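[1] heads up, no residue letters with this:
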């Protein structure tokens with residue numbers, strides 16, 4: 001399955017099981033929002049002034065972890 005990013009609030013739909021804008025399931029969108037909120041809360045709690053560096057680091061580490069796990073499963 002390919003990830004499809006949000007296409008902007010004007011394209012989002014709430015009805016049905018999937019968003020008409022990005023095609024993702026509403027459950028998947030809610031889970032993704034929760035992950036993002038958790039990371040944002042953590043960065044604020046830690047007082048990171050360089051939060052852009054933090055979020056880039058998290059993205060890079062997550063990508064490497066997924067790649068490693070897929071290659072070793």
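    Cool, got the structure. Since this is a predicted model, take the numbers as computed values, not measurements.
[2] okay, residue 51 and residue 6: tell me how far apart.
    Per CB to CB, to the nearest Å, residue 51 is found 20 Å from residue 6. Heads up, the C-betas are built off the backbone N, CA and C, glycines and all.
[3] do residue 37 as well
    For residue 37, the distance to residue 6 - CB to CB - is 15 Å.
[4] for residue 49, what is the enclosing helix or strand?
    Secondary structure from DSSP states H and E places residue 49 outside every helix and strand.
[5] what's the answer for residue 34, then?
    Per DSSP H and E: helix 26-46 holds residue 34.
[6] which helices and strands sit right next to that helix?
    Applying 3 or more CB pairs under 8 Å, 6 or more residues apart in numbering; DSSP states H and E, one finds that helix 26-46 contacts helix 51-71.
[7] can you pull up the most central residue in this structure?
    Ranked by distance to the mean C-alpha position of the chain (CA atoms, centre = their mean), the top residue is residue 32 at 4.5 Å.
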